[in-house]
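S.K.: Generate a structure from the sequence data that follows.
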Amino acid sequence: MNFFQRRKILKKTNFLHITPVRAMESMVTEEGKVDVLLPRFTSRFWSDVYRQTKKGEFITIHLDANGSLIWQLIDGMTSVEAICSKVSDQNPDKFSSLEDAEKRVTQFLSLLYQQRYISFREIMNEEMSK
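M.R.: Numbering: from 1, shown residues only. The predicted structure follows:
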């Protein structure tokens, strides 16, 4: 599915009613923060060649405390609206209201989607039905 088809689906739906799904692997550090593991290469040939070097096969993206909390709440079943309410409940001192939490969480999820770290269940369902 190309960009324009995905955008058409997202324009028809309310962002708070869609369900994010992780597209990348992750690991939790000792401090409780999340590191997203981005593969250096998608091609098997280049990943095998690069594996010969000392660097790992993944690029590590470090998330802060809020990003880590949001990432851990993305389970493929929870809607953006539920994630916003959980984040707001767990951090009442960081967010002045539920609307503030919704704004910040949706901006963060939009960034993750643009970087293709996550996708949305509704887009995946459309792809499978075609």
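
S.K.: ok, now which ones touch the closest residue in space to residue 79 that isn't next to it in sequence?
M.R.: Closest residue to residue 79 apart from its sequence neighbours, by Cβ to Cβ, 6 or more residues apart in numbering: residue 19 at 5.3 Å. C-beta coordinates here come from the backbone N, C-alpha and C atoms, glycine included. With contact taken as Cβ atoms under 8 Å, 6 or more residues apart in numbering, residue 19 is in contact with 76, 77, 78, 79, 80, 120, 121, 122.

S.K.: State the distance from residue 19 to residue 40.
M.R.: 29 Å (Cβ to Cβ, to the nearest Å).

S.K.: now do residue 11
M.R.: In terms of Cβ to Cβ, residue 11 sits 33 Å off from residue 40.

S.K.: out of these two, which sits in the busier spot?
M.R.: Set residue 11 next to residue 40 and count neighbours by other Cβ atoms under 10 Å: residue 40 wins out with 14 against 7.

S.K.: Show the pLDDT at that one.
M.R.: Looking at residue 40, its pLDDT is 78.

S.K.: Same question for the one 5 residues further on.
M.R.: Per-residue confidence at residue 45 stands at 72 (pLDDT).
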